[in-house]
Structures are given as C-alpha cells and as structure tokens.
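> Have a look; sequence and predicted model below, questions after that.
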2 protein chains.
Amino acid sequence: MVANRNSIIRLSRYKNALNRLQSLGFVKVFSDNLADAVGCTASQVRKDFSLFGISGNKKGGYQIDNLLEKLQYILGKDKIQKVIIVGAGNIASALMKYKGFEKEGIRLTAAFDIDPSKFKKNNEIPILPLEELKTVVKENQIRIAIIAVPDVAAQQVADLLFEAGIKGILNFAPTRIKSPDDCVVNYVNLEHELENLIYFVNVLDKTKVK
Amino acid sequence: MVANRNSIIRLSRYKNALNRLQSLGFVKVFSDNLADAVGCTASQVRKDFSLFGISGNKKGGYQIDNLLEKLQYILGKDKIQKVIIVGAGNIASALMKYKGFEKEGIRLTAAFDIDPSKFKKNNEIPILPLEELKTVVKENQIRIAIIAVPDVAAQQVADLLFEAGIKGILNFAPTRIKSPDDCVVNYVNLEHELENLIYFVNVLDKTKVK
DNA sequence: TTTTTTTTGCGATTTTTTTCACAAAAAATA
DNA sequence: TATTTTTTGTGAAAAAAATCGCAAAAAAAA
C-alpha cells in the first residue's frame, strides 16, 4: 500500500469529520466538504480515497455510512484494540481518565509501573507491577503499548515490550527507541510541538514586518 | 526559509540529543552521531544544518556548544516562552504537573476554565476564569496557547484567543480550527496517533505473512 | 613533506507528495 | 430527449523532501 504517516492521519481526520456529519443527519458528502472539514484540498481527499480503493459516485459524492465503514476497516476499527500503558505518572492518569478512547474501539487494558505505591489492582484500568506485563500482554494478545516513563528507562521498557510481543509503541519519553524491523514506534513530544509552534509563530511575525 | 514542520521537529531532536551528549561530557559530534541519535541519515543532518546556515569543520565535525546555541536560537530559546492553557481538565493537569517545560524555557503561565469549581488563583500555575484570559495574555504579551477543551468549544475558545493576541495554538481538541493567516495551529490527537500505529502494525503483520 | 583518511557542504538526482486538469459519469434542467 | 451542470477518478505535472555523490578542507599518518 502506498500509505505514509500523513495519509493515514488524514484518514483518521476524515473518519472524525464523517462521524460528526453523520450525527448531524447527513447521509452523503462531497470531497470538498471533507476537505473543508479537515483542512486540505478536495483533490487530496479524492486521491487518498483512490489510493485505498475507495470510490464514490460521480455527481453523487460519497455515501457517509459506506465511507465510514471502509475507513474504519482500514484503521483497524473492525475489532477492539487493546492497549497498555507503561509508567503510571501524569500522562498515564490523564489517558486513563479520558473517556473518548472506548467509543473509538481503543481499550486501555492496564497500566504498569515499578513503584508499588502506585499499584491499583482493582481499578477499572488496573495499575499492575511491571513483572506482570508479559503475562497480561500474552493472555490478551496485546500488540500496542504506550510508553510514559522517564527517558532513561524508555529503551529498557521498550525492549521488555518487544520481548512480550508488542508490535507498536507510542512513545511519550523524549528519546529515540531502537526497535526490531517488525515493530513500529511513533513519538509524541509536547516540548517539540511547542518549539515547532514557536518557530512558526516567529517566522510569521518576521515576514509580517516586511 | 526552506523550513517545513518535519525539519523543525528534527532540529528539536538534534537539540535534545546534543544536550544529552553534552551532559555526558562530549564536546564535538559528527553528523552520523546525530543521525544515529535521532534516527535519520547523516546527509539529512548536514542538509538540515546547511539550510539553516549552520556549518561545522571538515574532518572535525561540529562543536556541540556552538551548535546548541544556534539551534536554541532558531527554536526561540533565547527568551522564555510563556504559554497558557485553556481548559483545566486531565490534559491540563498533566501538563501543569510536568516539570520538564521550565528547563526548556517554556513557562506555563496560567490555565483558564469556565467552571468556577476549578479556579485556583493561588496555585503556582493559577487556574483563572476565562474572563481574565485577555488581560493576562495582553499583560504578559503571550503568543502561544494550548487548547484542551471539549471539541464543541474549541473554535469558540480559539476565536477568543486570536482576539486576545495569541498567534500560535497547540490544539488537543479533536476538531480543526479555522485561524487567521498570521496564526498557526498545530494538532495533537492521541486517538489518531494510536490509529496510525494500529494501521502500521497491521501492515507489517500482513507483509510478514507473505 | 607527501599521502591517506575522514568528514563536511552542497549541487544534482531521485523519490515522494501534492496539485492540476480533464474525461467520464450521472443527475438536473430545458 | 438533448443539454447543461456537477462531481468523481486518475494520469500527468509540479512541488517538496530526501538521498546521492563527490570536491574540498583538514587532520592524521607515513
């Protein structure tokens, strides 16, 4: 498949927009509606769809329910995706409190930590000792994990995760993780996001002066 | 400048790697060290630097202190960057508890909410009524804001921010924000990050079977 | 001193991504 | 029914980004 990170992120955005449109009672959309909704061009919407073999109707646009179904399938929403978190700090607790994942078919199954004072075996999303990670991952056939530990521990945790069978990691620690070829690591770094923003704000500021 | 989002994110990564190397006592680096550290190619590192007019020494690599200084300047780290948060929920509280921003020159100055039960005027990072936003932004000449409110409120909050003089927004709400030409909006959407990961894990899974 | 080795800097090339542009299909209108 | 309008789908073109390749500089070795 000719997919890259950005095109998949766009699919997620289309999906979100379609959900909103559907809940407003719309039944069909045109590529330019979606373009407006997600902030890209209509031809990019159509190109994305064409790349994934999604087609609509000439002059009739796209049937929202049909389109959603296909996007959801591509994005793995045909089954519930179980996810674990390693590191029961602030990020983990924000994620665990967030109620939006479940309705997108993403189930935070457990969190893990080394600090016994954090263990909460009876929580809805239990916080368990790191030693139990492997068992939980194997028993539940979990493939996706979130790393939210301090940077010095990140690679070590990642190795443990790969060993347990995890294939995809969303890494909040500000370190690059070395991973096996059959595994994916994506990064979230809010400092970098803010630095990025600051850079572009500065650039716009300077160009305006001209 | 020939900069795009990815190249600036790489600069942030180089900066992080350089800080680590420096704290380990290193004084110079070669492009391939940095490439290893951030996971790209050595020629990309050199190209990035050349695009920003950063030069090293043939056969001698780059002087870390000098390089850091230049990267920090480009990334706006010559002055403290004040940032506000709108929406005092889980994300905001995770961000406010995070101690890493300050040492990167990013100061969370205040958070704002509409819910009076959340106000904490005497916190280190105070949580204030939304009505005070404009004053705080103007008095402190703040240009950067984080939106962490429910999606339905995001555009309205953004408009308020633009009106107050905010030029850059990091938006955690799962909605596209329409913004004036001289403002930038970046997005953080963890559901989309996870969907992305799931997609690529599935793809790798399928290609392995072949 | 000369030769070899190493590493940068950057133009040229390749690859990737986006946009353009228009035929084809289908609906709407006349 | 014929014409006009609208919108898709997709090759072709353009733009953007990454990689290649190598001269030039500098250090190290001979």
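Right, received. Where do you want to start? Worth saying up front: this structure is predicted, and the values here are computed from it rather than measured. Residues are numbered from 1 along each chain as shown, chains lettered A, B, ... in the order given.
> Could the C-alpha coordinates of stretch A:60-78 be exported in CSV?
The C-alpha trace of stretch A:60-78 is given here as CSV (Å, rounded to 0.1, in the frame of the first residue of the first chain):
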residue,chain,number,x,y,z
GLY,A,60,-23.4,12.0,-6.1
GLY,A,61,-20.4,12.2,-3.8
TYR,A,62,-19.8,9.6,-1.2
GLN,A,63,-22.3,7.7,1.0
ILE,A,64,-21.3,8.5,4.6
ASP,A,65,-22.1,5.2,6.1
ASN,A,66,-20.3,3.2,3.4
LEU,A,67,-17.3,5.5,3.5
LEU,A,68,-17.1,5.3,7.3
GLU,A,69,-17.2,1.6,7.2
LYS,A,70,-14.3,1.4,4.8
LEU,A,71,-12.2,3.9,6.7
GLN,A,72,-12.9,2.1,9.9
TYR,A,73,-11.8,-1.1,8.4
ILE,A,74,-8.5,0.4,7.2
LEU,A,75,-7.9,2.0,10.5
GLY,A,76,-8.4,-1.3,12.3
LYS,A,77,-11.7,-0.5,13.9
ASP,A,78,-13.3,-3.8,12.9
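> Would you mind listing the outside residues contacting it?
A:8, A:11-12, A:14-15, A:18-19, A:21-22, A:26-31, A:33, A:49, A:52, A:54, A:56-57, A:104-105, B:195, B:198-199, B:202 (Cβ atoms under 8 Å, 6 or more residues apart in numbering or on different chains). C-beta: built from backbone N, CA, C; applies to glycine.
> Those in strands, which ones?
A:28-29 (DSSP state E).
> If I look at the residue positioned nearest the centre of chain A, what pLDDT would I see?
The centre of chain A sits closest to A:Leu170, judged by Cα atoms, centre = their mean, with a distance of 7.8 Å. pLDDT for A:Leu170: 98.
> okay, the helix or strand that contains it in CSV with CA atoms only?
Assessed by DSSP states H and E, A:Leu170 sits inside strand A:168-171. Provided in CSV are the C-alpha atoms of strand A:168-171 (Å, rounded to 0.1, in the frame of the first residue of the first chain):
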residue,chain,number,x,y,z
GLY,A,168,3.6,-0.9,18.1
ILE,A,169,4.7,1.7,20.6
LEU,A,170,3.5,5.3,21.2
ASN,A,171,6.4,6.8,23.0
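> strand partners of it, parallel vs antiparallel please.
When sheet partners are counted by DSSP bridges, strand A:168-171 sits next to strand A:144-147 (parallel), strand A:184-187 (parallel).
> closest to DNA strand C out of the ones you listed?
strand A:184-187 (14.8 Å; Cβ to the nearest atom of the strand).
> Not counting sequence-adjacent ones, nearest residue to the residue in chain A positioned nearest to DNA strand D?
Among all residues of chain A, A:Ser55 sits closest to DNA strand D, at 2.7 Å; criterion: Cβ to the nearest atom of the strand. Of all residues not flanking A:Ser55 in the chain, A:Phe49 sits nearest, at 7.0 Å (Cβ to Cβ, 6 or more residues apart in numbering or on different chains).
> how about the one you found, what does it touch?
For A:Phe49, the contacting residues are A:31, A:55-56, A:62, by Cβ under 8 Å, 6+ apart.
> By neighbours, which of those residues wins?
A:Tyr62 (24 neighbours; other Cβ atoms under 10 Å in any protein chain shown).
> Can you tell me who that residue pairs with across the strands?
Going by DSSP bridges, A:Tyr62 is paired in beta bridges with A:Val29.
> anything in the strand or helix carrying A:Val157 near chain B?
In this structure, A:Val157 is located in helix A:151-164 according to DSSP H and E. No. Applying Cβ under 8 Å from any Cβ of the partner chain, one finds helix A:151-164 separated from chain B by no less than 8.6 Å.
> Name the residues of that helix that are buried.
Across helix A:151-164, burial judged by 16 or more other Cβ atoms under 10 Å in any protein chain shown covers A:151, A:153-155, A:157-158, A:160-162, A:164.
> That one packs against which elements?
Helix A:151-164 is packed against helix A:133-140, strand A:144-147, strand A:168-171, with contacts defined by 3 or more Cβ pairs under 8 Å, 6 or more residues apart in numbering or on different chains; DSSP states H and E.
> mean confidence score for that helix?
97.
> Next: stretch A:28-37.
Across stretch A:28-37, the average pLDDT comes to 97.
> any bit of it sitting next to DNA strand D?
Yes. If you take Cβ under 7 Å from any atom of the strand as the test, stretch A:28-37 does meet DNA strand D, through A:29-32.
> What are the buried residues along that stretch?
For stretch A:28-37, the neighbour count (16+ other Cβ under 10 Å) marks A:28-31, A:33-37 as buried.
> contacting residues around the helix or strand hosting A:Ser93?
Using DSSP H and E, A:Ser93 sits within helix A:90-97. Outside helix A:90-97, the residues within contact range by Cβ under 8 Å, 6+ apart are A:85, A:101, A:108, A:111, A:123, A:125, A:146, A:148, A:172, B:90-91, B:93-94, B:97-98, B:190.
> 6 Å - rerun?
Under the criterion Cβ atoms under 6 Å, 6 or more residues apart in numbering or on different chains, residues A:85, A:111, A:125, A:148, A:172, B:90-91, B:94, B:97 lie in contact with helix A:90-97.
> Tally up the residues packed near the closest residue to A:Leu18 other than its chain neighbours, please.
For A:Leu18, ignoring the flanking residues on the chain, the nearest one in space by Cβ to Cβ, 6+ apart is A:Leu68 at 5.0 Å. Per other Cβ under 10 Å, the neighbour tally for A:Leu68 reads 18.
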